[in-house]
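> just to be clear, the model below is a prediction. Sequence and coordinates:
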Amino acid sequence: MAPPNSALISDLVSGATHVPSQFVRPEHDRPNLDQVIQSSDMSIPLIDLQDFDGSRRSEIIKQIGLACQDYGFFQVKNHGINEAVIDNLLAVAKEFFHLPESERMKVYSEDPYKTIRLSTSFNVRVEEVSCWRDYLRLHCHPLEDYIHEWPANPPSFREDVAEYCKKVRGLAVRLLQGISESLGLERDYINKALAKHGQHMAINYYPPCPQPELTYGLPGHADPNVVTLLLQDDVGGLQVLKGGKWVAVKPITHTFIVNLGDQMQVLSNDRYKSILHRAVVNSDKERISIPTFYCPSYDAVIKPAPKLVDDDHPALYRSFTYGEFYGNFWDKGIDKKSGTSLGMFKTN
Ligand code: OGA
Ligand code: NI
């Protein structure tokens, strides 16, 4: 039995029959699981990337454009990342969270500026109610700047995670080219706007929860970066806001879920939006999800693309550095944000 003051939820709640009070949401802020749309007709589009760099490019770019406009979310298959790379990552991620607490706690930190850290909930320094989640957060680009800080246990961790990071970065760059083209911008416009680029990864661990209707893995939020590529196991728990309703996204093995973040909303001058999403938990199974947050480097100056600004479409945001935006994002708790963190960067 873990000590009662354990920092990590996985150790605090193992075997619990009730949700401890710090995780219980007020009544107006609960997941209302019976109102969630489960139907596959309403789910987010699945885009086949086969021949994206060849004969199907313009067709796929059209599909990406529609998905970005209508959902802000899509899934991709035939993305070119080997299944073994994905399976190895999911396996080593689970192994990490099954290590003894003392081993995991070696990388525990509540400082959001640490480039590697294990933490719990979302931002324990500022939030009132805790989230049913532990997470390991790593910076991954450029790889050689960070890999030496990563956990050396499980023994294959660095190799498996590095291999995945390289592959997923390649996919992110290709998708950003496609998204640029779907906006009528030059293929490399967005990639250039991200300056030296940044890539962060979270490994989210959601333990089974005895009363999933009282709490969240992660409450509704928009991602602060430019685009997120989410890998998840087969348990399910991600929900996306569409037309005012929460829609469950059913996992499809070896696919990625792609969602647009706040920087895409700014670059596209609101043609594309960063969409609210959340993670709910369940009483049977632990769940792992692994988002890659692809982002600008902190020195990148972000502003609406000049090509998307004219008399009918004035610039909706002032320019800012990603460092300024990101500091502001972590200073607030996830609950205090109404939707995105873009308010203070709007022109009016
Ligand atoms: C996130 C996130 C969703 C999930 O980590 O930002 O939205 O399904 N995760 O875990
Ligand atoms: Ni998210």
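Nice, thanks for sending it over. Ligands and ions are numbered 1, 2, ... in the order given.
> so what does the longest helix anywhere in the chain touch, helix or strand wise?
The residue-count maximum for a helix in the chain (DSSP state H) belongs to helix 157-182. Helices and strands touching helix 157-182, by 3 or more C-beta pairs under 8 Å, 6 or more residues apart in numbering; DSSP states H and E, are helix 57-70, helix 83-97, helix 143-146, helix 189-193, strand 198-206, strand 227-232, strand 256-260, strand 287-295. For the C-beta atoms, the positions are set from N, CA and C on the backbone; glycine is no exception.
> compare the ones you listed and report which one is nearest to residue 122.
strand 198-206 (10.5 Å; C-beta to C-beta).
> that closest one packs against which elements?
helix 83-97, strand 134-139, helix 157-182, strand 287-295.
> what's the closest of those to residue 124?
Using C-beta to C-beta, the nearest of those to residue 124 is strand 134-139, at 11.2 Å.
> does at least one residue of the closest one sit close to ligand 1?
No: judged by C-beta under 6 Å from any ligand atom, strand 134-139 makes no contact with ligand 1; its nearest approach is 7.4 Å.
> return the list of strands paired to that strand, each annotated with direction.
strand 116-120 (antiparallel), strand 198-206 (antiparallel) (DSSP bridges).
> now render those as CSV, adding distance to residue 236 and mean pLDDT.
Output for the strands paired with strand 134-139, formatted as CSV (distance: least, C-beta to C-beta, whole Å; pLDDT from 0 to 100):
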stretch, distance to residue 236, mean pLDDT
strand 116-120, 22, 96
strand 198-206, 11, 98
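> right, so those strands: which one is the most enclosed?
strand 198-206 (a mean of 23; mean count of other C-beta atoms under 10 Å).
> does that strand come close to ligand 1?
Yes: contact of strand 198-206 with ligand 1 (C-beta under 6 Å from any ligand atom) involves 202, 204.
> contacts for that strand next, please.
The contact list for strand 198-206 (C-beta atoms under 8 Å, 6 or more residues apart in numbering) reads 10, 93, 96-97, 132-141, 161, 165, 168-169, 172, 217-218, 225, 237, 279, 281, 286-298, 322.
> now the very next helix or strand once past that strand: average pLDDT?
Once the chain leaves strand 198-206, the next helix or strand it forms, by DSSP states H and E, is strand 218-221. Per-region confidence: strand 218-221 scores 95 on mean pLDDT.
> can you tell if strand 218-221 touches ligand 1?
Yes: using C-beta under 6 Å from any ligand atom, strand 218-221 reaches ligand 1 at residue 218.
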